[in-house]
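# take a look and give me a structure for this.
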Amino acid sequence: MNKYYILNLDPQATHEWDRCVLRNPMTGARPDLNAEVAKAIDAEAGAYLIKVNLEIEILDQSITPGGNTVELPAVKNATIIAKHRLAS
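Have a look, this model is predicted:
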């Protein structure tokens with residue numbers, strides 16, 4: 001199942017948690033990714049070793065003037081596979 005979010009990167013944000021924000025495009029709420037994973041396994045009690053495949057496809061892009069980049073904290077042992085394509 002595909003989920004759609006708006007990603008906002010703001011290197012000038014006052015707080016670190018506002019520099020990289022995912023939001024639901026319909027409600028503006030931040031997604032609860034823990035709940036999404038729990039829903040995917042039917043929230044059955046137990047401990048799970050899971051594999052999460054994150055594939056990113058850029059559907060639309062609005063660049064803020066200035067071209068600054070957001071520095072995110074390093075994540076140990078993380079592999080992210082991203083597919084970048086602008087929609088025509």
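# wait, what's in contact with the residue most central in space within the chain?
Compute the mean C-alpha point of the chain, and by CA atoms, centre = their mean the closest residue is Leu22, 5.4 Å away. By CB atoms under 8 Å, 6 or more residues apart in numbering, the residues touching Leu22 are Tyr5, Ile6, Leu7, Arg30, Pro31. For the C-beta atoms, the positions are set from N, CA and C on the backbone; glycine is no exception.
# that one is in what secondary structure piece?
Assigned by DSSP states H and E, Leu22 falls within strand 20-23.
# then that strand to PDB, C-alphas only?
Taking Å, rounded to 0.1, in the frame of the first residue of the first chain, the C-alpha atoms of strand 20-23 are listed here in PDB:
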ATOM      1  CA  CYS A  20      12.700  17.700   8.600                       C
ATOM      2  CA  VAL A  21       9.000  17.200   8.900                       C
ATOM      3  CA  LEU A  22       6.600  14.600   7.300                       C
ATOM      4  CA  ARG A  23       3.000  15.600   7.100                       C
END
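# next structured bit after it?
With DSSP H and E, the next secondary element past strand 20-23 is helix 33-40.
# thinking again about what came up before, how about CSV for the contacts of Leu22, with neighbour count and pLDDT added?
Shown next, in CSV, are these (neighbours: other CB atoms under 10 Å; pLDDT from 0 to 100):
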residue, neighbour count, pLDDT
Tyr5, 13, 92
Ile6, 14, 91
Leu7, 11, 90
Arg30, 12, 93
Pro31, 13, 91
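# pick the one among these closest to Asp18.
Nearest to Asp18 among the contacts of Leu22, counting by CB to CB, is Arg30 at 10.8 Å.
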